[in-house]
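>>> Here is a sequence with its predicted model. Questions after.
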Amino acid sequence: MNVKKSFLIELERETNNTGRILDRITDDHLDWRPHEKSMSVRELSAHIVELHSWISKAIPKDVFDLKTDFQPLKIDSVSELKAILTKGLIDNKETIAQLPDDDWLKEWVLKAGDWEIARLPKGGAIRHIITNHIIHHRGQLTVYLRLLNIPVPGLYGPSADE
């Protein structure tokens with residue numbers, strides 16, 4: 001199995017896991033937040049979905065600047081989130097398929113203006129900056145589900161609700 005194929009398998013599984021959580025929330029949940037300092041369900045789920053699209057939007061660049069290359073995703077409905085996630089998977093698959101083998105080791109930089117946040121190979125950026133970041137926030141969203149008494153789907157095995 002080559003690197004691209006292994007990333008595609010992981011990409012599909014993680015996108016499916018995000019979709020399983022989105023299937024549990026409704027538009028009525030979008031403005032709920034567990035604490036005044038916490039993101040709302042809308043903000044957190046939109047952030048997770050936009051992170052999925054970073055493979056196609058950020059990885060083709062050598063430098064991704066949060067001040068100029070990024071605008072937080074604004075959504076009005078869960079169905080909109082699902083559509084963006086589905087389209088993002090298609091775009092991400094195309095990006096990975098077209099990424100030259102040499103680019104997996106090519107340096108990639110994440111910055112915010114003059115502040116450099118991370119510098120690592122593109123393959124590492126997909127794993128560390130994107131996938132791990134998605135998993136972290138998706139874990140937060142599963143806690144939101146629990147607090148809202150919404151059954152939590154098992155993402156890497158059964159949950160207490162399955």
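Cool, got the structure. Numbers count the residues shown, from 1 in each chain.
>>> I'd assumed residue 110 was in a helix, is it?
No. Residue 110 sits outside any helix when classified using DSSP: H, G, I helix; E, B strand; the rest coil, being strand.
>>> from memory residue 53 sits against residue 92, does it?
Yes. Counting by CB atoms under 8 Å, residue 53 touches residue 92, with 7.2 Å between them. C-beta coordinates here come from the backbone N, C-alpha and C atoms, glycine included.
>>> So which of the two has more stuff around it?
A direct count of neighbours by other CB atoms under 10 Å for residue 53 and residue 92 places residue 92 higher, at 24 against 19.
>>> secondary structure class for that one?
helix.
>>> residues contacting it?
Residue 92 sits next to 11, 15, 52, 53, 55, 56 when contact means CB atoms under 8 Å, 6 or more residues apart in numbering.
>>> Mind checking which of these land in helices?
11, 15, 52, 53, 55, 56 (DSSP state H).
>>> so what's the fourth one up against?
I take that to be residue 53. 84, 88, 91, 92.
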